[in-house]
Structures are given as structure tokens and as C-alpha cells.
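In: Here is a sequence together with a model predicted from it:
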Amino acid sequence: MTITSEKLSPLQTVLEEQFEQLTEELTRLTMHATTPEVIGYDQHGLEAQIAATRQKLAETTQALQRIASGTYGLCERCHKEIPPERLEIRPHARYCVPCQQAVGA
């Protein structure tokens, strides 16, 4: 892993905080699955919000797993370093910008 520990530590903190927030949000949303109007959604809107929150939680979890395995900050496609500036903007990034454009995700 080429990202320095001084750059990694704040990114890991951000990801851990996101994980906690997303887990709390998903819990809140699923608690109201039968009464979506209580939290200001219709059924379709609530289902969409739950799906989006699950996706963000999965991305955050995967980033934390990459940190634990020592592969965080490396592009999953070309295996080159993802620029630290990109990780600061998008800490769960899996690809460098050229590879992100190539995969179209």
C-alpha cells in the first residue's frame, strides 16, 4: 500500500464515521418500512432510500475491508495508486479516474 499512514488515518476515521451514520440511517428507515409516511416518504420513496443507503453502506464496508487487508488506495482495475486527492473526495473509491471512466461506474 502506498498511501501514507498520516493520510490513511483521517480517511479511515471518515469511513468509520460514515459506517456508523449509515447503519443508524438504515436502522431508522427499516423500522418504518410499514409506516413510511411517519418519516416523510411514500412506499416507493422509502424503498429507494433503503436501497441507496444499503449501497452506500456496502461501499463503505468494502473500503474498510481494503484498509484492513492493506489494499486501500490501489485501483482494483490497474492496481496503480489512487491519488490521495481522489480518496479525500471519495474515500470509498475503488478505481483511479481513468479506470472509473473505463468501467463506467
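Out: Sure, I can see it.

In: And stretch 25-37, end to end?
Out: Stretch 25-37 has an end-to-end distance of 16 Å (Cα to Cα, to the nearest Å).

In: Check the offset of it from the chain's centre.
Out: Here stretch 25-37 is found 21 Å from its chain centre; the criterion is Cα atoms, centre = their mean, to the nearest Å.

In: before we move on, what about stretch 12-22?
Out: 9 Å.

In: Point out where the chain drops to low pLDDT.
Out: 1-2, 4, 105 (pLDDT under 70).

In: so the nearest residue to residue 57 once chain neighbours are set aside, which of the three states?
Out: Closest residue to residue 57 apart from its sequence neighbours, by Cβ to Cβ, 6 or more residues apart in numbering: residue 22 at 4.3 Å. Glycine gets a C-beta too; all of them are placed from N, C-alpha and C. For residue 22, the assignment made with DSSP: H, G, I helix; E, B strand; the rest coil gives helix.

In: Tell me the spacing between residue 22 and residue 63.
Out: 12 Å (Cβ to Cβ, to the nearest Å).

In: who's more crowded, those two?
Out: A side-by-side neighbour count of residue 22 and residue 63, using other Cβ atoms under 10 Å, places residue 63 first with 24 against 19.
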